[in-house]
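Trainee: how would this look folded up:
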Amino acid sequence: MKFLIDNALSPRVADGLRQAGHDAVHVRDYNLHAAEDEVIFERAAVEDRVIVSADTDFGTLLALRQENRPSVILFRRSTDRRPGAQVAIILKHLDVIKGPLEEGSIIVFDQNRIRVRSLPITMRVFDAKTV
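Mentor: Got it, this is the predicted structure:
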């Protein structure tokens, strides 16, 4: 798989994924370490990369964009923050999450579970009179 590691995570995550045989780059490799999230999204979409981050803003952007690409892997605060542990979590579960990532999904790693949400994320709007 092809990954783009966001600045919220260590470049060592990209190193670990490359060592496991994946095409992984960190935003610093593109000199995008200070770039807006939209720029990161565009780069990932153009190169068909999965964004890997701990920045929850990516989930909000996915909902607002109403698109099915790029897919995102998101580490929540409750997960182990060591780069080696993050690489291990991705690799351990890659067989399960690969299909959803290829189809367009956001994968959220929490302490004890994995949440998979297909893209695009639809937003529900309710009329206050009917609630």
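Trainee: how about the helices of this protein, start to end?
Mentor: Using DSSP state H, the helices of the chain run over 11-19, 37-46, 57-65, 83-103.
Trainee: Please name every helix or strand in contact with the first one.
Mentor: Contact here means 3 or more C-beta pairs under 8 Å, 6 or more residues apart in numbering; DSSP states H and E; on that basis helix 11-19 packs against strand 2-5, strand 23-26, helix 83-103. The C-beta positions use only the backbone N, C-alpha and C, and glycine is treated the same way.
Trainee: what packs against the first one?
Mentor: Secondary-structure packing of strand 2-5 (3+ C-beta pairs under 8 Å, 6+ apart): helix 11-19, strand 23-26, helix 37-46, strand 50-53.
Trainee: Tell me the strands beside the second one, with direction?
Mentor: Okay, so that is strand 23-26. strand 2-5 (parallel) (DSSP bridges).
Trainee: tell me the mean pLDDT over the partner strand?
Mentor: Averaged across strand 2-5, pLDDT comes to 98.
Trainee: contacting residues around that strand?
Mentor: 11, 13-14, 17, 22-27, 40, 43-44, 47-53, 70, 73 (C-beta atoms under 8 Å, 6 or more residues apart in numbering).
Trainee: buried set for that strand?
Mentor: Buried positions in strand 2-5, judged by neighbour count with 16 or more other C-beta atoms under 10 Å: 3-5.
Trainee: for stretch 96-110, same thing?
Mentor: 97, 100-101, 104-109.
Trainee: most tightly surrounded among the helices and strands packed on strand 2-5?
Mentor: Comparing these by mean neighbour count (mean count of other C-beta atoms under 10 Å), strand 50-53 ranks first with a mean of 25.
Trainee: Reformat the helices and strands packed on helix 11-19 into a markdown table and put distance to residue 65 next to each item.
Mentor: Below are those laid out as a markdown table (distance: least, C-beta to C-beta, whole Å):
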| stretch | distance to residue 65 |
| --- | --- |
| strand 2-5 | 16 |
| strand 23-26 | 22 |
| helix 83-103 | 16 |
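Trainee: Tell me which of the ones you listed approaches residue 60 most closely.
Mentor: strand 2-5 (18.1 Å; C-beta to C-beta).
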